[in-house]
Structures are given as C-alpha cells and as structure tokens.
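[1] here is a sequence with its predicted model. Questions after.
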Amino acid sequence: MVTAVIAPQKRAKSATSRRWGLREAAAHHLPGLTRAALRFARTDDPAFPGPAGKRGAELLQRVGDLKKWARNRPRAATCTTDLG
C-alpha cells in the first residue's frame, strides 16, 4: 500500500505583512509620502514603527505597520488664515 504524503501549503504572505525597504514602501504603498519624509519620521517620530528585519544595511518595515502609522500620524492644520 502506497500512502501519499501531502506537504502543507505555504500560505502566501499578503502585501501588508511583507517586509519592504522605505523606497519600495513609498513607491508602491504610500503614494502621499516621500522617501525623505519616511526617513525623517523614522529618525524623529517616536510613534514610527520599528524595523521588522534587515537586508544588508537597509532596515525593512512591514507595510501594514507603515500604513497604520501614516493613517494615525498628526498632520498640520490646513486652510487656516489665523496668523496669530
């Protein structure tokens, strides 16, 4: 009798759980933010998500974490005419 061994399927990672560098994340998933803005935020913003890994010298981020940070980050007031 021959029994077949079925290997468990590898579940494909969703785009939000994959790890990306800031360049790829800004280009493909965060169209309103520049790479420079993300670099400054990584340095200055304590709410910026921590790295999820490293590829060479580049820190990798989870896109889901970056999207959540971008959605919840404070923004400057717009359309204000009060100068003081």
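    Right, received. Where do you want to start? Source: prediction; values computed, not measured.

[2] buried sites along stretch 60-70?
    Going by neighbour count (16 or more other Cβ atoms under 10 Å), the buried part of stretch 60-70 is 60, 61, 62, 63, 64, 65, 66, 67, 69, 70. For glycine as for every other residue, the C-beta is placed from the backbone atoms N, C-alpha and C.

[3] among these, name the ones in strands.
    Here DSSP state E is the test, and those give 60, 61, 62 as lying in strands.

[4] nearest to residue 40 among those?
    Nearest to residue 40 among those, counting by Cβ to Cβ, is residue 61 at 14.5 Å.

[5] got the contact list for that closest one?
    Residue 61 sits next to 19, 20, 21, 22, 25, 49, 51, 52 when contact means Cβ atoms under 8 Å, 6 or more residues apart in numbering.

[6] if I look at the third one, how far off is residue 50?
    It refers to residue 21. As judged by Cβ to Cβ, to the nearest Å, residue 21 and residue 50 stand 15 Å apart.

[7] so which of the two has more stuff around it?
    Neighbours were tallied for residue 21 and for residue 50 using other Cβ atoms under 10 Å; the higher tally belongs to residue 21 (17 against 9).

[8] torsion angles phi and psi at the more buried one?
    Note on residue 21: its backbone torsions stand at phi -80, psi 170 [degrees, to the nearest 10].

[9] out of the ones in strands among the buried residues of stretch 60-70, the closest to residue 45 would be?
    residue 61 (12.9 Å).

[10] what bridges to that closest one?
    residue 20 (DSSP bridges).

[11] any idea how far the helix or strand that contains residue 26 is from the chain center?
    Residue 26 belongs to helix 22-28 when elements are defined using DSSP states H and E. Here helix 22-28 is found 8 Å from its chain centre; the criterion is Cα atoms, centre = their mean, to the nearest Å.

[12] can you list contacts of that helix?
    Applying Cβ under 8 Å, 6+ apart, the contact partners of helix 22-28 are 20, 33, 34, 35, 38, 39, 42, 59, 61, 63, 66.
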